[in-house]
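Q: My questions concern the predicted model and sequence given below.
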Amino acid sequence: MARKTIRSIPQQRALMPVQEPEIRAKNFDEVALGFDVPNALLECERCLVCPQPACIEGCPVNIDIPGFITRMIKHDYQGAYDLLTDSTLLPAVCGRVCPQEDQCEGVCPVGAGGTLEPVAIGRLERWLGDRAIAEGWRKVSHIERQPFRVGIVGSGPAGMACAADLAKAGCKVTIFEALHEPGGVLRYGIPEFRLPNSVVDAEIGAIEALGVEIKCNTLVGRLFTIEQMLGEMGYDAVFIGTGAGSPRFMDLPGEGLNGVLSANELLTRCNLMRAGQFPAYDTPLGLGKRVAVIGAGNTAMDAMRVSLRLGAEEVHCIYRRTETECPARKEELHHAEEEGIEFHWLTNPVEILGDANGNVRTLRCVRMELGDPDASGRRSPVVVPGSEFDFEADTVVYAIGTSPNPILGQTSKLKLDKRGYIQCDDSLATSLAGVYAGGDIVTGAATVILAMGAGRKAAASIKRYLGIRDSGRVYAPEHAGLDGSIFGIDLAERNFTHVRLI
Amino acid sequence: MTDYNDAGAAGAIHTRPSKTNPYEDIRSRGFPILTRTDFSDVTFLLEVEHPAMARAAKPGQFVIIILDEHGERVPLTIADFDRDRGTVTLVVQAVGKSTRQMQATLHEGGTLYGIVGPMGVPSHVSGAKKVICVGGGLGVAPIYPQARAFKEAGAYVIGVVGFRNKDLVFWDDKFRAVCDEFIICTDDGSVGIKGLVTLGITQALQAHVDVDEVVVIGPPIMMKGCVETTRPYKVKTMVSLNPIMVDGTGMCGGCRVKVDDRIRFACVDGPDFDGHKVDFDDLMLRLKRYKAQERDALERYDENCRRTQLPHEAGGAH
Ligand SMILES: Cc1cc2nc3c(=O)[nH]c(=O)nc-3n(C[C@H](O)[C@H](O)[C@H](O)COP(=O)(O)OP(=O)(O)OC[C@H]3O[C@@H](n4cnc5c(N)ncnc54)[C@H](O)[C@@H]3O)c2cc1C
Ligand SMILES: Cc1cc2nc3c(=O)[nH]c(=O)nc-3n(C[C@H](O)[C@H](O)[C@H](O)COP(=O)(O)OP(=O)(O)OC[C@H]3O[C@@H](n4cnc5c(N)ncnc54)[C@H](O)[C@@H]3O)c2cc1C
Ligand code: SF4
Ligand code: FES
């Protein structure tokens, strides 16, 4: 077959249906509906299968993207899935929520010229992940039991990934989660229309199928400490993935008024406590009609789009920089604009005013402009003098970032860095022997894929610490043919334990 | 390249914990309710089995309980704990939908859907030589473990508790056992002195010039009154704040309170704070945030109870 070139591939991205903005802004069903088979295959045809694929380098966990696409083209979907899950454990999640435009898709040469869109790698990943859930594909290698118990604190992507790898290596793994349902931000933060709970449940089910035990309603640090886990509780190693969690406020006058809340609170009430269904569920929501959300990251986008779906008449985004600096996934920004969210770029709040009953009435703002580039070359916003104006709102939502959760710092001898995050070396070992950490609690708020990657890296370090052979290694035959193999089995395998059960 | 013989499992072999280890099998759902005691038609006590929590609990900490899959997360102070029995004790005042429903549905021999804790920073049992422990309303029960802790630390403990009338009094024997002096205040004077707890505090402060610390738990309006009572005496006064909470793990910021003009999260930075620095007006305002929804939920619940004649309404309490 002749090599594909940028001219010979399908020029347009394959069609992925989405719900119409007017309809979806009133429901919690998923917005992006995913490829069907012909469109998935059509999109695969757009991949050039580069000899030195930039996308693999661009992916934080180095998924063999042209590899799985090639298998898909051959209709070997399960093989493609197996290859995909050598690198990522949560394809149905990552395919939906990764900022692909900054990662694999951002470096794909198909999109480099600017005239074509890059290969829709995320959508293909999602398609494989969904298909695996639908077909019940599980990649379980033979698990060789080890006499080790590992405790994992936090059930977000970092904790889940670490648990899965250690369970596959034969350890007895228990995840402790403070909330009453597992999943971390995937459960309480990212809303249903972007990441359905059924997907999160399926991924958690897959981890439980590996023998991992999940204990909810367990606040580590307070019910027992990290030191107790290693001591009297008999864990041989511990991984901490407790997330960044604590919402920041701005200390503006009027922040104590009713109607001012963090995006985390809004999203937790809605996603975890199902306050949207009050009074069938007991938790109230207390959302107004004119909602102003401060910030423009993924959390802000989610808070705005949730507000819209819960009946707000107007939803406004207040952000002190411009659209170019907006840190949200491009697709979410685009979807939010389509749904009718109003964006106020270069605007910053200075005060919140209330009515006689202590409810929010007005948000006082100033206009900003981008100043001269600072040392880092970034143009930071400065206030335009005399530009103060009042903005009517009855609900103000803060989505301006988070600080580290303090509980483990309060209750253990773990060394923290200046900002309060857990200090780790390159292998993700903390200052306590046998205790590893990763995800947002080490790096500060980041992404699902980075948290997952950190969980896997820590799992590899824990295996080394416990002296377990790294069964997470992928044994790819060096070359095709029967050289270097016995009975057709690659010598590099060294044993015959890697069988796929189903 | 292989990682086969990568040693480094330093100290990886431990002796396994014994069967009596409370951490051996930590329950995460369905917690047995061992006893229930009703103190009055609004106040009742639950003793819940959770050996690990009984072991970890310290005075001043709280739990969050969930009644069922549709339930909200309700914070309650740990009123007592028994490490031998492996239980924690909660004392609940039925004031709204969730707490009423608890009163109607939680019984001895039953189970509690979810309980998580202990949460919050334990109260600092200081080296104070003489303390006044004050409890009113939903704060009477939670002040007890603090009084006991001070007693165990060798302090002279003056207990001051407030009730509306004689019929609502409970745990007075428990308090007497750990207090050197014990003052009951009632609104109608049917027992003890007639008046608010602030009157009891004033009496105690006048009788003892050497009080080092006052600890107050109760409704915000009462705590506010108490800190204003002690302010002229310049006695350190600790209060336990009870803002509206969701997760109780520091993740939502719903429980934020203003202390010394700074935002603090009551669930992870508290719930205890220096009462003289707390902005009580801010707290009381924020407690009203869901008033309309709370009223709706309660009315709807009562209506349902009337229709289905749940035991708590069948008695015709209202
Ligand atoms: C609203 C929102 C939208 C986002 N959107 C995206 C997106 O589109 N794409 C993307 O890549 N990233 C997104 N992110 C970021 C991403 O979700 C996080 O970076 C990622 O979830 C971090 O994973 P983690 O495992 O480190 O922590 P988390 O997911 O935060 O999980 C930590 C878990 O630990 C539990 N825990 C905390 N303390 C304790 C304790 N003491 N004991 C027991 N359990 C404890 C917590 O309850 C929580 O369940 C978003 C974040 C938010 C908040
Ligand atoms: C740290 C902490 C410890 C607590 N300890 C106890 C305790 O030991 N025993 C006990 O009976 N109650 C305690 N509370 C209060 C208890 O959580 C509330 O009474 C309960 O959430 C009310 O729920 P509801 O649905 O029954 O009533 P709602 O219908 O939600 O409210 C009814 C009334 O209670 C008030 N209220 C609502 N939430 C709270 C709250 N979080 N704190 C105070 N008042 C509230 C409302 O302002 C309203 O007037 C504590 C609260 C906190 C934050
Ligand atoms: S960079 Fe783009 S075209 Fe090249 S292999 Fe990756 S997805 Fe295919
Ligand atoms: S209750 Fe959510 S931060 Fe305290």
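A: Thanks, I have the structure now. Ligands and ions are numbered 1, 2, ... in the order given.

Q: contacts, neighbours, all on C-alpha from now
A: Will do.

Q: which residues touch the residue nearest to residue A:162 when sequence neighbours are not counted?
A: Leaving aside its sequence neighbours, residue A:162 sits nearest to residue A:455 (C-alpha to C-alpha, 6 or more residues apart in numbering or on different chains; 4.3 Å). Residue A:455 makes contact with A:157-163, A:241, A:437-439, according to C-alpha atoms under 8 Å, 6 or more residues apart in numbering or on different chains.

Q: Distance check, residue A:455 against residue A:155.
A: From residue A:455 across to residue A:155, the span is 11 Å (C-alpha to C-alpha, to the nearest Å).

Q: Identify the contacts common to the two.
A: In contact with both residue A:455 and residue A:155: residue A:241, using C-alpha under 8 Å, 6+ apart.

Q: mind checking the longest strand of the chain?
A: Going with chain A. Identified as the longest strand of chain A according to DSSP state E is strand A:360-373.

Q: wait, I meant chain B there
A: Max-length strand for chain B by DSSP E is strand B:73-82.

Q: From chain B, how far out is the residue of the stretch 1-150 of chain A found nearest ligand 4?
A: For the stretch 1-150 of chain A and ligand 4, the shortest gap (C-alpha to the nearest ligand atom) falls at residue A:28, measuring 24.1 Å. Distance, residue A:28 to chain B, using C-alpha to the nearest C-alpha, to the nearest Å: 19 Å.

Q: residue ranges for the strands of the stretch 101-250 of chain B, please.
A: Listed in chain order, the strands of the stretch 101-250 of chain B (DSSP state E, counting those that start in this stretch) span B:111-112, B:114-119, B:130-136, B:156-163, B:181-186, B:193-194, B:213-217, B:236-240.

Q: which stretch in those strands has the least confidence?
A: Among the strands of the stretch 101-250 of chain B, strand B:193-194 has the lowest mean pLDDT, at a mean of 85.

Q: picking that back up, sticking with the residue nearest to residue A:162, tell me its helix or strand.
A: Using DSSP states H and E, residue A:455 falls within helix A:448-466.

Q: close to ligand 1, is that helix?
A: Yes. Applying C-alpha under 6 Å from any ligand atom, one finds helix A:448-466 in contact with ligand 1 at A:448-449, A:451.

Q: Please enumerate the helices of the stretch 401-502 of chain A.
A: Along the stretch 401-502 of chain A, counting by DSSP state H, counting those that start in this stretch, helices occupy A:407-411, A:440-443, A:448-466.

Q: The very next helix or strand once past the longest strand of chain B near ligand 2 at all?
A: Downstream of strand B:73-82, the next assigned helix or strand under DSSP H and E is strand B:87-93. Yes. Applying C-alpha under 6 Å from any ligand atom, one finds that strand B:87-93 is in contact with ligand 2 at B:91-93.

Q: And the closest residue to ligand 2 within chain A, how far from ligand 3?
A: Proximity of chain A to ligand 2 (C-alpha to the nearest ligand atom) peaks at residue A:282, 7.6 Å away. Residue A:282 sits 47 Å away from ligand 3, going by C-alpha to the nearest ligand atom, to the nearest Å.

Q: Wait, residue A:422 touches residue A:436, no?
A: No. The criterion here is C-alpha atoms under 8 Å, and residue A:422 misses it with residue A:436 at 9.6 Å.

Q: tell me, what's touching those two both at once?
A: Here residue A:422 and residue A:436 share the contacting residues residue A:430, scored by C-alpha under 8 Å, 6+ apart.

Q: In contact with residue A:33, which residues?
A: A:16-19 are the contacts of residue A:33 under C-alpha under 8 Å, 6+ apart.

Q: ok, so of these, who is nearest ligand 3?
A: residue A:16 (17.4 Å).

Q: anything in the helix or strand hosting residue A:78 near ligand 3?
A: Here residue A:78 sits within helix A:77-87, counting by DSSP H and E. No. Using C-alpha under 6 Å from any ligand atom, helix A:77-87 never reaches ligand 3; the gap is at least 13.3 Å.

Q: Alongside ligand 2, which residues does the stretch 51-200 of chain B contribute?
A: Taking C-alpha under 6 Å from any ligand atom as the measure of proximity, the stretch 51-200 of chain B contacts ligand 2 at B:62, B:74-77, B:91-100, B:138.

Q: and if we set it to 8 Å?
A: Within the stretch 51-200 of chain B, the positions lying close to ligand 2 (C-alpha under 8 Å from any ligand atom) are B:61-63, B:72-79, B:90-101, B:138-139, B:141-142.

Q: For the stretch 351-500 of chain A, give me the ranges with low pLDDT.
A: Across the stretch 351-500 of chain A, the ranges flagged by pLDDT under 70 are A:470-500.

Q: again, only this time at 90
A: A:351-363, A:365-395, A:400-420, A:422-434, A:442-450, A:452-453, A:456-457, A:460, A:463-500 (pLDDT under 90).

Q: Helix or strand with the lowest mean pLDDT in chain A?
A: strand A:489-490 (a mean of 56; mean pLDDT, DSSP states H and E).

Q: just checking, residue A:199 touches residue A:95?
A: No. Here residue A:199 lies out of contact with residue A:95, judged by C-alpha under 8 Å, at a distance of 11.4 Å.

Q: between these two, who's got more neighbours?
A: Higher neighbour count among residue A:199 and residue A:95: residue A:95, with 22 against 18, using other C-alpha atoms under 10 Å in any protein chain shown.

Q: quick one: which helix or strand includes the more buried one?
A: Using DSSP H and E, residue A:95 falls within helix A:91-97.

Q: That concludes my questions; thank you for your assistance.
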